[in-house]
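give me a 3D structure for the following:
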Amino acid sequence: MTEQHRSKPVEIAIDQAQRNSLFNAWFSRISVTASQAMGSPWTFVCAICIVLVWGATGPIYHYSDTWQLIINTGTTIVTFLMVFLIQNTQNRDAKAIHLKLNELIHSGHKAHNELIEVEKLSDEELKELESYYTKIRVECERRDKDGSQPQNEIARTLENGKKGGNPSAA
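Numbering: from 1, shown residues only. You can find the predicted model right below:
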């Protein structure tokens with residue numbers, strides 16, 4: 001679609017996407033920097049020092065409600081903000097791990113390509129997939145003891161069992 005043929009809603013959507021992209025990039029930079037700073041040993045030492053200074057000032061302020069409110073408010077604010085930083089970091093790390101696993105699955109010659117983006121399956125589908133691989137593991141252990149069939153044959157046997165065959169008869 002050319003520039004002159006765009007409708008007003010499309011222009012609004014493109015502008016909004018660009019603004020969101022700028023905000024997401026800004027938030028990503030801030031969260032990476034903050035996560036690195038908050039996870040450093042020096043930040044932990046600073047937090048210990050703040051608590052020690054707060055504790056040492058207790059007698060000066062006669063352990064008043066205001067004195068207690070200062071530490072409670074500070075820790076509440078820090079905890080509230082850290083929840084978002086931690087979640088952002090976990091989301092980014094999980095996405096990176098999934099992308100790396102997808103690449104490994106895709107590059108493997110005998111890998112099951114349907115496992116790419118398996119994290120997007122429903123809980124029921126994941127349980128079914130887990131059950132499938134549990135059967136493979138159990139069958140591998142059984143055949144290891146017997147010294148019988150190679151592993152790639154095990155998966156084939158289980159697949160035939162799913163389609164009406166009997167995997168335990170193999």
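
pull the contacting residues for the spatially most central residue of the chain.
For the chain, Ala94 is the residue whose C-alpha lies nearest the centre (C-alpha atoms, centre = their mean; 2.9 Å). With contact taken as C-beta atoms under 8 Å, 6 or more residues apart in numbering, Ala94 is in contact with Glu119. All C-beta atoms are positioned from the backbone trio N, CA, C, and that covers glycine.

how about it, phi and psi?
For Ala94, the backbone dihedrals (degrees, to the nearest 10) come out as phi -60, psi -40.

tell me how many other residues surround Glu139.
21 (other C-beta atoms under 10 Å).

check the gap between it and Leu69 for me.
According to C-beta to C-beta, to the nearest Å, Glu139 and Leu69 sit 62 Å apart.

now do Ser107
Counting by C-beta to C-beta - Ser107 and Leu69 are separated by 57 Å.

got it, and Lys95?
Counting by C-beta to C-beta, the gap from Lys95 to Leu69 is 39 Å.

just Asp144 next, same as before
64 Å.

same deal with Ile105?
On the measure of C-beta to C-beta, Ile105 and Leu69 end up 53 Å apart.

swap in Ile77?
Distance from Ile77 to Leu69, by C-beta to C-beta: 12 Å.

same deal with Glu11?
The gap separating Glu11 from Leu69 is 50 Å, by C-beta to C-beta.

what of Ala17?
Ala17 is 44 Å from Leu69, by C-beta to C-beta.

what do you get for Phe27?
Taking C-beta to C-beta, one finds Phe27 at 30 Å from Leu69.

now do Thr33
For Thr33, the distance to Leu69 (C-beta to C-beta) stands at 30 Å.
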